[in-house]
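# I would like to see how this sequence folds:
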Amino acid sequence: MNDKPYELAFPQHGDERGYLVAIEGGSDVPFEIKRIFYIYGSDEKVVRGRHANKNSQFVLINVAGSCKVRVCDTSGEERVYVLDHPRMGLYLPAKVWKDMYDFSHDSILLCLSSERYDPDEYIRDYDAFMGLCAEEKA
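Numbers count the residues shown, from 1 in each chain. Here you go, the predicted model:
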């Protein structure tokens, strides 16, 4: 398991009829998929996410439109990714703060998760997350 976010390019199959992207857990993404959800109807002023997860890994795919994802890992490294193509994904390991924002009007952000929903694994306070980062560095 990689402890840093990184981009994924999924195989694309197509012809004159259009394109198909198939994603399998454990091979195309680095975990077995236990939960799938998607975000839509947000606009460029909305910020989603604003949390880290203690255990869950994610792959984010903007299957329509575009959005930006700002991530910060436990080393304190921060980076912004633009998700704007349906065959590209962003892998996020556990313990990564994420903010999704600047959604286009047609954005549909598909989220694949390694874990079922558990509200107790969420870190929703940025200062608490930074405290965790300091512990990880020590």
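# So which residue is dead centre in this protein?
residue 60 (3.7 Å; Cα atoms, centre = their mean).
# tell me the SS of it?
strand (DSSP: H, G, I helix; E, B strand; the rest coil).
# quick one, what contacts it?
69, 83, 89, 90, 92, 100, 109, 110, 111, 112 (Cβ atoms under 8 Å, 6 or more residues apart in numbering). The way it works is simple: take the backbone N, C-alpha and C, and place the C-beta from them, glycine included.
# May I see those residues organised as JSON lines, with pLDDT, neighbour count and distance to residue 122 added?
Putting the contacts of residue 60 into JSON lines (pLDDT from 0 to 100; neighbours: other Cβ atoms under 10 Å; distance: Cβ to Cβ, whole Å) gives the following:
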{"residue": "69", "pLDDT": "98", "neighbour count": "24", "distance to residue 122": "17"}
{"residue": "83", "pLDDT": "98", "neighbour count": "22", "distance to residue 122": "22"}
{"residue": "89", "pLDDT": "98", "neighbour count": "26", "distance to residue 122": "22"}
{"residue": "90", "pLDDT": "98", "neighbour count": "21", "distance to residue 122": "19"}
{"residue": "92", "pLDDT": "98", "neighbour count": "26", "distance to residue 122": "14"}
{"residue": "100", "pLDDT": "98", "neighbour count": "25", "distance to residue 122": "15"}
{"residue": "109", "pLDDT": "98", "neighbour count": "24", "distance to residue 122": "18"}
{"residue": "110", "pLDDT": "98", "neighbour count": "19", "distance to residue 122": "20"}
{"residue": "111", "pLDDT": "98", "neighbour count": "18", "distance to residue 122": "14"}
{"residue": "112", "pLDDT": "98", "neighbour count": "22", "distance to residue 122": "17"}
